[in-house]
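[1] next comes the sequence, and after it the predicted model I'd like to discuss.
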Amino acid sequence: MAVPKHRMSRANTHARRSTWKAKLTKLQTIRVNGHDLRIPRKLAKAYQSGLLQPED
């Protein structure tokens, strides 16, 4: 792991952190109980097996 040699100024720290952007979650379309749902791929199996129920 990289270890900083010197203390980084507050302005430089904030400038570095401000460039980070979160990415949107990719959604997958599945059919559950006759309804098309767009959900994250990680949850698709749970919806299809009945562990999660859509809110309708």
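    All right, it came through fine. Numbering: from 1, shown residues only.
[2] which of the three states applies to residue 13?
    Secondary structure, DSSP: H, G, I helix; E, B strand; the rest coil: residue 13 is helix.
[3] could you list every residue that touches residue 27?
    Under the criterion of Cβ atoms under 8 Å, 6 or more residues apart in numbering, the neighbours of residue 27 are 38, 39, 40, 41. Yep, even glycine has a C-beta here, placed from its N, CA and C like the rest.
[4] PyMOL command to pick out the buried ones of those residues?
    Of the contacts of residue 27, the buried ones go into a single PyMOL selection, burial set by 16 or more other Cβ atoms under 10 Å:
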select buried, resi 39
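[5] now tabulate the contacts of residue 27 in a markdown table and tack on distance to residue 1 and secondary structure.
    As requested, these are exported to a markdown table (distance: Cβ to Cβ, whole Å; DSSP: H, G, I helix; E, B strand; the rest coil):
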| residue | distance to residue 1 | secondary structure |
| --- | --- | --- |
| 38 | 38 | strand |
| 39 | 35 | strand |
| 40 | 30 | strand |
| 41 | 31 | helix |
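[6] residue 15: which of the contacts of residue 27 is nearest?
    Looking at the contacts of residue 27 and their distance to residue 15, the nearest is residue 40, at 31.6 Å (Cβ to Cβ).
[7] how close does the closest one get to residue 53?
    Counting by Cβ to Cβ, to the nearest Å, the gap from residue 40 to residue 53 is 16 Å.
[8] before we move on, what about residue 33?
    Look at residue 33 and residue 53: by Cβ to Cβ, they are 9 Å apart.
[9] for residue 7, same thing?
    Counting by Cβ to Cβ, the gap between residue 7 and residue 53 amounts to 52 Å.
[10] so where's the chain uncertain?
    Judged by pLDDT under 70, the chain has its weakly predicted residues at 56.
[11] run through the residues that contact the residue nearest the centre of it.
    Geometric centre of the chain, nearest residue: residue 25, 4.7 Å, by Cα atoms, centre = their mean. Residues near residue 25 by Cβ under 8 Å, 6+ apart: residue 40.
[12] start at 423 instead
    Taking 423 as the first residue, the last one we looked at is residue 447.
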